[in-house]
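In: Predicted model follows, preceded by the sequence.
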Amino acid sequence: MINFTATDDLSKLLVHLEGAYASNTLRAYKVDMLEFIDYCVRVGAAALPSSPATVSNFLMQTVGQGIKTSTIRRKAASISAVHRLSSLDDPIKHAEVKIALRKISRQLGCRFEQAYPVTRTVLDQLIQACSEDLRGLRNKALLLLAYDSLRRRSELVSLRLSDIDWLPNQTCSILLRKSKTDQQGSGKWIHLTAETTRALRQWVSESKIIDGHLIRAIHPSGEIASSLCESRIPRIYKSLAKRAHLSEEAISGISGHSMRVGGAQDLMSQGASLPQIMVKGGWAKTDTVMRYVERIRTNPIHNILHG
């Protein structure tokens with residue numbers, strides 16, 4: 001019965017947190033905590049609040065599930081956040097849980113599995129694979145916008161037509177109203193190249209969009225939706241990669257982060273400093289960017305082109 005109360009308390013907390021945290025963050029809290037609550041039901045332990053021993057045992061039993069260390073750490077972070085935001089003692093801070101996490105890291109390793117980089121060379125391949133119809137214009141605009149701005153997929157789909165400042169020199173700037181590293185919505189203007197601007201203008205003109213979201217889904221009937229779900233973006237990239245006849249390794253490795261990885265690598269190759277790359281891509285941690293650019297020399301571009 002106590003864990004039925006935990007499920008109810010979690011639901012109330014998530015409702016209370018709406019608007020204060022990103023939707024992806026709340027989704028992770030919900031998924032991870034429901035999994036933890038289900039485990040507690042099976043072993044007959046309390047989930048909210050939980051004991052360090054229960055959390056440790058839960059984390060250790062995830063090792064055999066074929067998931068990464070980073071995923072297990074995310075589950076721990078979710079349990080920690082829900083406890084803290086419920087004004088309960090955080091079991092993750094206990095030495096028992098920290099020892100469990102160290103055991104998991106040593107057993108599974110902590111190596112970050114990076115998305116395949118869509119550098120300029122690969123980007124050109126994807127652009128050439130775009131069709132000449134309305135969907136192709138949307139895809140080309142999306143590709144160039146993602147590569148040029150280095151923005152996350154959630155940020156790309158949130159852009160609205162009113163966020164574009166068309167400049168007289170045939171370029172434009174977009175207003176990023178909120179991002180992962182700017183949850184308060186201070187906003188940031190990002191300048192785009194003439195090539196990206198032309199692609200956006202053509203998409204807007206042919207789609208006859210006059211307001212609302214900039215990047216949108218297109219139904220099989222040809223009808224343009226009011227928005228695009230961010231989960232569709234990596235699918236679009238992979239579909240174009242297949243049409244471009246990239247290697248199977250490249251196709252499977254391409255994700256929603258591929259543009260950010262490739263763009264960061266290109267900027268580094270062109271002489272941009274680490275702080276400049278971090279500012280443009282909206283990164284707050286240097287180690288994240290370093291993981292992206294460290295493979296410039298060790299991952300030659302021909303390896304991700306035609307197999």
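Out: Looks like it arrived, so ask away.

In: Quick check: which element contains Arg106?
Out: Element membership of Arg106 [criterion: DSSP states H and E] is helix 95-108.

In: Outside of that helix itself, list whatever touches it.
Out: Residues from elsewhere that reach helix 95-108 (C-beta atoms under 8 Å, 6 or more residues apart in numbering): 52-53, 55-56, 59-60, 62-63, 68-69, 72-73, 76, 91-92. Where you see a C-beta, it was placed from the backbone N, CA and C, and this is true even at glycine.

In: and the helix or strand where Pro275 lies, what's its mean pLDDT?
Out: Secondary structure assigned from DSSP H and E places Pro275 in helix 274-281. Average pLDDT, helix 274-281: 86.

In: For it, buried residues please.
Out: Buried residues in helix 274-281, counted by 16 or more other C-beta atoms under 10 Å: Ile277, Met278, Lys280, Gly281.

In: Not counting sequence-adjacent ones, nearest residue to the second one?
Out: The spatially closest residue to Met278, leaving aside those adjacent along the chain, is Val289, at 5.7 Å (C-beta to C-beta, 6 or more residues apart in numbering).

In: between the buried residues of helix 274-281, which is nearest Gln202?
Out: Distance to Gln202 across these (C-beta to C-beta) is lowest for Lys280, with 24.3 Å.

In: From what I see, that closest one and Leu267 are in contact.
Out: Yes: using C-beta atoms under 8 Å, Lys280 is in contact with Leu267, at 7.1 Å.

In: how about the top helix by length along the chain as CSV, C-alpha atoms only?
Out: The longest helix of the chain (DSSP state H) is helix 23-43. Extracted C-alpha coordinates of helix 23-43, given in CSV (Å, rounded to 0.1, in the frame of the first residue of the first chain):
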residue,chain,number,x,y,z
SER,A,23,9.6,18.4,-20.2
ASN,A,24,12.4,15.9,-21.0
THR,A,25,13.6,16.2,-17.5
LEU,A,26,10.2,15.6,-16.0
ARG,A,27,9.7,12.7,-18.4
ALA,A,28,13.0,11.1,-17.1
TYR,A,29,11.9,11.6,-13.5
LYS,A,30,8.6,9.9,-14.2
VAL,A,31,10.0,6.9,-16.1
ASP,A,32,12.9,6.3,-13.7
MET,A,33,10.8,6.6,-10.6
LEU,A,34,8.1,4.4,-11.8
GLU,A,35,10.7,1.7,-12.6
PHE,A,36,12.1,2.2,-9.1
ILE,A,37,8.7,2.0,-7.5
ASP,A,38,7.9,-1.2,-9.4
TYR,A,39,11.1,-2.7,-8.1
CYS,A,40,10.3,-1.7,-4.5
VAL,A,41,6.8,-3.3,-4.9
ARG,A,42,8.5,-6.6,-5.9
VAL,A,43,11.0,-6.6,-3.0
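
In: What lies in contact with that helix?
Out: Here helix 23-43 has contacts from 3, 6-7, 10, 14, 17-18, 46-48, 50, 54-55, 57-58, 61, 74-75, 78-79, 81-82, 154, using C-beta under 8 Å, 6+ apart.

In: next one: that helix to chain centre, how far?
Out: Remark: helix 23-43 is offset 20 Å from the chain centroid, using C-alpha atoms, centre = their mean, to the nearest Å.

In: Which element is encountered next along the chain beyond it?
Out: Per DSSP H and E, the first helix or strand lying C-terminal to helix 23-43 is helix 52-61.

In: gap between the following helix or strand past that following helix and the chain center?
Out: As assigned by DSSP H and E, the chain's next helix or strand after helix 52-61 is helix 69-85. Computed by C-alpha atoms, centre = their mean, the chain-centroid distance of helix 69-85 equals 18 Å.

In: tilt between helix 69-85 and helix 95-108?
Out: Helix 69-85 and helix 95-108 are oriented at 160 degrees to each other (axes from the mean of the first three to the mean of the last three C-alpha atoms, to 10 degrees).
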